[in-house]
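J.: Can you look at this prediction? I've put the sequence above it.
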Amino acid sequence: MGKITVTKDCGGIQGLYVVEPTVFGDRRGYFMETYNYNDFAEAGIGCQFVQDNQSASRKGVLRGLHFQINHPQDKLVRVIRGEVFDVAVDLRDGSETFGKWFGVTLTEENKKQFFIPKNFAHGFIVLSDYAEFCYKVTDFYHPNDEGGLMWNDPDLGVEWPMPEGMTDKDLILSDKDKVNSSYRDYLASRNR
């Protein structure tokens, strides 16, 4: 391996990994491998990615908490410009950490990546003036298969850092994210 450093089971949640690539820098700039199947497989992340996505967002945008219901995706996420706080919530059946969350700050400077396995809700908040967010997924997006949890659900208790000079009332959410399910409603829907 050697090209990446992996912190496994972040926040005590099995399967969540923070990946730090080796960065080779000199007076010209830097080079790094952002993904190498062999290195990732050796670290325990041996999935096949089928799609790459990228988004751009301004300060105070909060995207999430999203998941696909019948076509869950493993995700490998990173920031190529700016800074975000990225969150994963465990929604795996039978998991000892079901309903628990973990968050990590991803920046263009620290170059960390966050691996989130299938059956997690995922979201992030932009802390910098602008951010570009890239991620690989193991299944295609199915628009009729979306699920979402309220970003500020008190039963989840995600501790979102606020962008400098902003409060939660200043955050920018999509219309869909404004009406995501509560955690309790999500649990009730699973038991029907």
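T.: Structure's in. What do you need?
J.: low-scoring stretches of the protein, by residue?
T.: For the chain, the stretches with pLDDT under 70 are 1-2, 192.
J.: residue with max distance from the center of it?
T.: R27 (32.3 Å; Cα atoms, centre = their mean).
J.: residues of the top helix by length along the chain that come out buried?
T.: As assigned by DSSP state H, the longest helix anywhere in the chain is helix 183-190. In terms of neighbour count (16 or more other Cβ atoms under 10 Å), helix 183-190 has its buried residues at 183, 186. Bear in mind the C-beta positions are built from the backbone N, C-alpha and C, glycine included.
J.: State the distance from the closest residue to D153 other than its chain neighbours to F124.
T.: Closest residue to D153 apart from its sequence neighbours, by Cβ to Cβ, 6 or more residues apart in numbering: Y183 at 4.7 Å. As defined by Cβ to Cβ, to the nearest Å, Y183 lies at a distance of 18 Å from F124.
J.: N144 too?
T.: Taking Cβ to Cβ, one finds N144 at 24 Å from F124.
J.: Of those two, give the one with the bigger neighbour count.
T.: F124 (29 against 8; other Cβ atoms under 10 Å).
J.: in terms of contact, does that one touch G82 like I think?
T.: No. Using Cβ atoms under 8 Å, F124 makes no contact with G82, being 10.8 Å away.
J.: Could you look up the SS state of the residue nearest to G64 when sequence neighbours are not counted?
T.: Leaving out its chain neighbours, the residue that sits closest to G64 by Cβ to Cβ, 6+ apart is G123, at 1.5 Å. What DSSP: H, G, I helix; E, B strand; the rest coil gives for G123 is strand.
J.: residues contacting G123?
T.: By Cβ atoms under 8 Å, 6 or more residues apart in numbering, G123 lies in contact with 62-66, 86-87, 151.
J.: can you do 10 Å?
T.: 62-67, 84-89, 101, 103, 148-149, 151, 158, 160, 177, 180 (Cβ atoms under 10 Å, 6 or more residues apart in numbering).
J.: Which among the residues you listed count as buried?
T.: Buried among the contacts of G123 by 16+ other Cβ under 10 Å: 62-67, 84-89, 101, 103, 148-149, 151, 158, 160, 177, 180.
J.: picking up where we left off before, just the contacts of G123: which are in helices?
T.: Among these, the residues falling in helices (DSSP H) are D177.
J.: residues contacting G64?
T.: So G64 contacts 86-89, 121-125, 148-151, 158, 160, 173-174, 177, 180 (Cβ under 10 Å, 6+ apart).
J.: redo that, cut-off 8 Å
T.: Neighbour list for G64: 87, 121-124, 148-149, 151, 177 [criterion: Cβ under 8 Å, 6+ apart].
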